[in-house]
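J.: Have a look; sequence and predicted model below, questions after that.
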Amino acid sequence: MTLPKKVRIVEVGPRDGLQNEAKPVPAAAKIELIHRLQDAGVSIIEATAFVSPKWVPQMADNAEVMAGIRRKPGVTYPVLVPNMKGLDAAIAAGADEVVVFGAATESFSKRNTNCSIDEGLARFEGVAQAAIAKGIRVRGDISVCLGCPYEGKVDPAAVVHVARALDAMGCYEITVCDTIGIGTAGETRRMIEAVAKHIPVERMAGHFHDTYSQALTNIYAALECGIMTFDSSASGLGGCPYAKGATGNVATEDVLYLLNGLGIETGINMDGLIAAGDFICGVLGRPTLSRVARAIRARSA
Ligand code: HMG
Ligand code: MG
């Protein structure tokens, strides 16, 4: 087993990290976070979501955020879109990559996108076709791959069903997500191996929330399976409005510390990343959830 030499980090803090905040976060702060992340060397930043503002009010400023970003060459800014209305708005805002998001269970699909798994996939097919025709790359996320807040354990076969459909519609990358951060390393491996029978593992990504403190272990298991792209959020912000009790994404700082220790290249500078995390924590008035950021700050204090 050899680990990759390089890993792509997809920073999802501005979207997944902030979508669940009860108090509005000003667009200017979101834009500043994105700028600080790109200055730290992050090259893929999930900037916002073109979803219904009735469902996720925190993302209602999507167009304002997109318009305010000082785009840096070599950086991509994927945005979530659930339907054609979202795609049209994302295109109007100049999105260079879009993310469609399905789920491995019917209950989560219904709560998150108000439709069944297959209804969602049918919508995404139209979205993917239209995006690809315009030269916009499409990524596909699958929620609740290791456990569902409404249905409990998830059969890897359910993940495979959604992954194959996303692949068939042209998603260049398929992200398996542990939305509620409940999975463990063995389950992670089994689920990835099941999907990798159908999708080349180089085209898969991992998205782990850290609710049960398993995210880094699961990332290591995923690395061993050959996954080379991981979503994470600066200072471990975040959570999904439709996954009660689930905490944020694994902290980007913690993932970077792991990868640096393994000699795996990411292009990201730790000090700049911690500063970006500090910035957004200051806006939110909360301490960072990254243990690495806390340890490094404590050492240098
Ligand atoms: P619906 O209510 O069935 O949709 O919601 P609708 O078509 O009946 O529309 C309802 C209203 O929303 C209408 O407005 C539409 O125009 C409007 P009205 O006529 O009542 O004034 N609308 C929109 N507005 C702006 N942009 C749009 C849009 N679409 C409709 N794109 C819908 C269905 C899918 C729209 C809704 O359920 C939705 O927006 N869901 C998104 C939920 C969400 O963002 N969840 C969090 C992101 S996923 C996540 O966090 C998981 C992830 O991180 C991976 C992981 O960890 O698992 C990705
Ligand atoms: Mg998530």
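T.: It's in. Residues are numbered from 1 along each chain as shown. Ligands and ions are numbered 1, 2, ... in the order given.

J.: For stretch 55-70, buried residues please.
T.: Residues of stretch 55-70 classed as buried by neighbour count (16 or more other Cβ atoms under 10 Å): Val56, Gln58, Met59, Ala60, Asp61, Asn62, Ala63, Val65, Met66, Gly68, Ile69. For glycine as for every other residue, the C-beta is placed from the backbone atoms N, C-alpha and C.

J.: Now for Thr113, how many residues are close by?
T.: 24 (other Cβ atoms under 10 Å).

J.: May I ask you to confirm that it is in contact with Gly120?
T.: Yes: Thr113 is in contact with Gly120 according to Cβ atoms under 8 Å; the separation is 5.3 Å.

J.: Now do the shared contacts for the two.
T.: By Cβ atoms under 8 Å, 6 or more residues apart in numbering, Thr113 and Gly120 have these common neighbours: Pro82, Gly102, Ala103.

J.: Over to the second one. Which of the three states is it?
T.: The one in question is Gly102. Gly102 falls in the strand class when you classify it by DSSP: H, G, I helix; E, B strand; the rest coil.

J.: Neighbours of Ser109, how many?
T.: Neighbourhood size, Ser109 [other Cβ under 10 Å]: 25.

J.: Backbone dihedrals for it, please?
T.: phi -60, psi -50 (degrees, to the nearest 10).

J.: which ones are touching the residue nearest to it when sequence neighbours are not counted?
T.: Nearest residue to Ser109 in three dimensions, chain neighbours excluded: Ala103, at 4.2 Å (Cβ to Cβ, 6 or more residues apart in numbering). Applying Cβ under 8 Å, 6+ apart, we find Ala103 in contact with Ser109, Asn112, Thr113, Ile117, Gly120, Ile142, Ser143, Val144, Cys148, Val162.

J.: same thing with Leu3?
T.: Neighbouring residues of Leu3 by Cβ under 8 Å, 6+ apart: Leu223, Glu224, Leu262, Ile264.

J.: same thing with Leu33?
T.: The contact partners of Leu33, by Cβ under 8 Å, 6+ apart, come to Gly13, Pro14, Ala234, Ala276, Phe279, Ile280, Val283.

J.: Now do it against Met270, distance only.
T.: Distance from Leu33 to Met270, counting by Cβ to Cβ, to the nearest Å: 17 Å.

J.: sorry, back to before: can you list the contacts of Ala103 in TSV and add secondary structure and distance to Asn20?
T.: Conversion of the contacts of Ala103 to TSV gives the following (DSSP: H, G, I helix; E, B strand; the rest coil; distance: Cβ to Cβ, whole Å):
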residue	secondary structure	distance to Asn20
Ser109	helix	19
Asn112	helix	12
Thr113	helix	16
Ile117	helix	23
Gly120	helix	21
Ile142	strand	19
Ser143	strand	14
Val144	coil	16
Cys148	strand	18
Val162	helix	23
